[in-house]
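*Asks:* Any chance you can model this:
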Amino acid sequence: MFKYGSDNNIVSIDLEKMLISFWKEFIFGGHLFALGAACVVAMCSLLFGLPIGLDLLLVIYLIFYPIYLYDYTQGATDDLLTNSARAKYLSGNKKTYMVVGGSFAVLAMLFMHFSNSMTMFLGFIVLVLGLLYSSYFKQLTKKIIAFKNFFVSAVWALLVLFFFFYYSIPITKAALIMAGFVFTRMVAIQILFDVRDIDGDRKNGLLTIPVVMGDHKEFGLLKFLNFASIALLVFSVYFGLLPFISLSFVPVMFYAANYINKVRSSMNNYACYLLAAVEPIIWFSTVFFGSNLGKLTVLVSIML
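*Replies:* Predicted structure coming up:
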């Protein structure tokens, strides 16, 4: 850990190394998307005014963390071409199977204690399908255009429905619409990641949107999906299908338009893609702020 001595620089250097190591593990080890998945169900709790427990957040984290860690580890060789930093960090990684096995064990205990057998079955189905993604489902993109984009996005959309299943709550029209919103946003994010991986995907014969469309035409599609996301929210709120607080997502669409432009102008800058990766976390942040805006306004007025 820390080295204490007369030279304060020793301590600061070790602290810097520790922070860099933590950052790499968070970004390259699958934790970023696991946190994003937990934020999606927390966002649903706020949107629909339903309580949520730490057990469900932990369940979601333990489903998505091993999925992304396993996928990153399995694809480390291909990532040398497009994401060398992550590939080097994960090369020789021996903890993946321990994480997968440990996640299955802890999830089984959580499901048995807090939920029911049907939810446990669905949770394990999602985990198994996610683990099979890199070795099986991803390869179907060689035959079916953008299959991996739709597969990953569908898994994320299921998070909304899983929230209702976990607490045995009837699925509403609002839940289905929000699942559609998550699906649309994740399709756009996955296509953007394919822009970064286009050379490797072309080499492996994967029919991703950027590979098929060519000449950066996928950026026009991304703008359309961005607009479609806003339209879905606005019309759903207007017709009373979603609560008014759903409009908190609208500023996120401008955020997405900004990082899309950044990627287009600097396609080899990994930091630009990181802006897209944190979008699910921003969904929760905007809804949390929007749902508490009234309380904050009252508090400020009292203080003034």
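*Asks:* switch to C-alpha atoms for all contacts and neighbour counts from now on
*Replies:* Fine.
*Asks:* Now the one helix or strand Leu15 maps to: buried residues?
*Replies:* Assessed by DSSP states H and E, Leu15 sits inside helix 8-28. Residues of helix 8-28 classed as buried by neighbour count (16 or more other CA atoms under 10 Å): 24-25, 28.
*Asks:* just checking, next helix/strand downstream of it?
*Replies:* On the C-terminal side of helix 8-28, the closest following helix or strand by DSSP H and E is helix 31-48.
*Asks:* Next, the buried residues of that next one.
*Replies:* Neighbour counts over helix 31-48 (16+ other CA under 10 Å) mark 31-47 as buried.
*Asks:* After it, which helix or strand is next?
*Replies:* Following helix 31-48 toward the C-terminus (DSSP H and E): helix 54-74.
*Asks:* helices and strands around that following helix, which ones?
*Replies:* Helix 54-74 sits against helix 31-48, helix 84-90, helix 96-114, helix 117-132, with contacts defined as 3 or more CA pairs under 8 Å, 6 or more residues apart in numbering; DSSP states H and E.
*Asks:* what comes into contact with it?
*Replies:* Applying CA atoms under 8 Å, 6 or more residues apart in numbering, the contact partners of helix 54-74 are 28-31, 33-35, 37-38, 41-42, 86-87, 90-91, 93, 96-97, 99-100, 103, 107, 110, 114, 123-124, 126-127, 130-131, 133-134, 163, 166.
*Asks:* Pull out the buried residues from these.
*Replies:* 28-31, 33-35, 37-38, 41-42, 86-87, 90, 96, 99-100, 103, 107, 110, 123, 126-127, 130-131, 133-134, 163, 166.
*Asks:* give the contact list for Lys143.
*Replies:* Going by CA under 8 Å, 6+ apart, Lys143 touches 206-207.
*Asks:* and it, what pLDDT?
*Replies:* The model reports Lys143 with a pLDDT of 89.
*Asks:* For the buried residues of helix 8-28, give me TSV that also has pLDDT and distance to Pro51.
*Replies:* Listed next are the buried residues of helix 8-28 as TSV, based on pLDDT from 0 to 100; distance: CA to CA, whole Å:
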residue	pLDDT	distance to Pro51
Lys24	81	33
Glu25	82	31
Phe28	83	32
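*Asks:* just curious, which of these is nearest to Lys148?
*Replies:* Among those, Phe28 lies closest to Lys148 (CA to CA), at 19.9 Å.
*Asks:* Skip the chain neighbours and tell me the closest residue to that closest one.
*Replies:* Nearest residue to Phe28 in three dimensions, chain neighbours excluded: Arg86, at 5.5 Å (CA to CA, 6 or more residues apart in numbering).
*Asks:* Check the gap between the one you found and Val99 for me.
*Replies:* Computed as CA to CA, to the nearest Å, the Arg86 to Val99 distance reads 18 Å.
*Asks:* before we move on, the earlier item: turn the buried residues of helix 8-28 into CSV, columns for distance to Glu218.
*Replies:* Below are these laid out as CSV (distance: CA to CA, whole Å):
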residue, distance to Glu218
Lys24, 29
Glu25, 31
Phe28, 26
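*Asks:* which stretches of this protein have low pLDDT?
*Replies:* Applying pLDDT under 70 to the chain flags residues 1-13, 76-84, 92, 215, 293-304.
*Asks:* The same query, at a cut-off of 80, please.
*Replies:* Low-confidence segments of the chain (pLDDT under 80): 1-17, 75-94, 134-135, 138, 199-200, 214-216, 267-270, 291-304.
*Asks:* Kind regards, and thank you for your time.
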